[in-house]
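In: okay, predicted coordinates and the sequence, questions at the end:
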Amino acid sequence: MGFPLRFLSSLSLCLLALLLHRATVTSGCFSMEREALLDFKAGIHDTHNRLSSWVGQDCCAWEGVICGATTGHVVMLDLRNTNITDDWALRGEGMMNSSLLALSHLKHLDLSFNDFSGIRIPEFIGSFKKLRYLNLSSTRFMGGIPARLGNLSSLYVLDLSYALHFSSLDNLDWLSHLTSLKNLDLSWLNLTGAPDWFSSVNMLPSLQVLSMSYVGLKTIPASVVHVNFTSSLTVLDLSFNNFDSTLPKWLGNITSLTQLDLHYSGFYGVIPDAIGDLGSLTFLDLGFNQLEGTVPRSMVDLRRLKELHMPRNQLTGNLSGWLEQMTNLIILDLSYNLFNGSMPSSSV
């Protein structure tokens, strides 16, 4: 009789554990996570009642809240402002409630296009160990970027474009720890005081998209011993910066590039032959710089190119000989240069 009794005892313990689990989960929502979301809501000004659905027991049914199909835990919090008007923006004052730390299974956090101009980017965001997507674009946070964001080692996408309001950054060392990162957008941040930006970015071996437009960069290394993302990076946007430099030859090593945007970035001198090594390019914009001399013959190797923009430079030479071989071009802008000769009929 001992074995059946032990079996029934074990079964009772399993049933008790199940009952305790169901006591913490009401209609598919963990009570601790529901309370955390309500505490967060209490600290936010929601003038257009975007969070009006945040009532009742089932937080998994609330607007912007997604729970895992198997675990029932909150895995996504998507509160981006899709209307992009002041009336619809969520607003915060003082300090964002750290109750969100209860969402320990969170993988996706999007607060973009809201107005947190009275708040610093919360340090506790760096504690979401499972986070893969973080979008704080156009949120107008004050202060700097907390170094604890470097703890988000599982992060795939980080969008901080225009996340800070009238703040400058001088240290990007925390970036180097985000070794899983694939998409990074720092556009419209003030990076004039971050001369070593490239050394941090170059520690991201899986990077596929890098956008650093309008950030006030003044330095770019003339030579690099090793570029870590030469086989992964597909999109590079360094437009609207102040490099006052020649085009670095090492750009030709990033052979995976499909889009390269360097317009309005203060580059001068000749276009290096290494440009022809970027055979996967479909989009190239070198416009509004001070580039001069003839277009290198290696340009004909960009056979996949569909858009070529090089206006407002001092480029010279004959158009025929290279342009007519770029048969996939759909959009071409070579205006305000010093070219001679007529446009090949195949390019008109």
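Out: Perfect, I can see it now.
In: run through this protein and note the low-pLDDT ranges.
Out: 1-28, 86, 344-348 (pLDDT under 70).
In: what does the domain assignment say about it?
Out: Listed domain ranges for the chain are 26-167, 212-348 (source: automatic domain parsing).
In: JSON lines please, covering the ones you listed and showing mean neighbour count.
Out: C-beta: built from backbone N, CA, C; applies to glycine. Shown next, in JSON lines, are those (neighbours: other Cβ atoms under 10 Å):
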{"stretch": "domain 26-167", "mean neighbour count": "17"}
{"stretch": "domain 212-348", "mean neighbour count": "17"}
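In: do you know which of those domains lies nearest Val201?
Out: domain 212-348 (8.1 Å; Cβ to Cβ).
In: thinking again about what came up before, quick one: closest of the domains of the chain to Thr192.
Out: Per Cβ to Cβ, nearest to Thr192 of the domains of the chain: domain 212-348, 3.9 Å.
In: Phe229 is in contact with Met203, isn't it?
Out: No - judged on Cβ atoms under 8 Å, Phe229 makes no contact with Met203 at a distance of 9.6 Å.
In: residues touching stretch 125-139, excluding its own?
Out: For stretch 125-139, contacts defined as Cβ atoms under 8 Å, 6 or more residues apart in numbering pick out 80, 101, 103-116, 121, 146-163, 185.
In: cool, and stretch 78-97?
Out: 39-40, 42-48, 50-51, 64, 66, 108, 110-120, 122, 135.
In: these in helices, which ones?
Out: 39-40, 42 (DSSP state H).
In: got the contact list for Phe267?
Out: 243, 245-247, 286, 289-291.
In: how about the residues you listed, which pair is most distant?
Out: Ser245 and Leu286 (13.4 Å).
In: returning to that earlier point: looking at the ones in helices among the contacts of stretch 78-97, which is nearest Ser239?
Out: The closest of the ones in helices among the contacts of stretch 78-97, once distances to Ser239 are taken by Cβ to Cβ, is Phe40, at 36.3 Å.
In: list the contacts for the closest one?
Out: 96-97, 99-100.
In: cool, and Glu307?
Out: 282-285, 329-332.
In: quick check: the farthest pair among the contacts of Phe40?
Out: Top of the distance list for those (Cβ to Cβ): Met96 and Ser99, 9.3 Å.
In: what about Leu284, which SS state?
Out: Recorded secondary structure, Leu284: strand (DSSP: H, G, I helix; E, B strand; the rest coil).
In: quick check: it touching Lys306?
Out: No - counting by Cβ under 8 Å, Leu284 sits too far from Lys306 to count as a contact (9.5 Å).
In: returning to what we had before: now, the contacts of Phe267 that are in helices?
Out: No part of the contacts of Phe267 ends up in helices, with DSSP H as the criterion.
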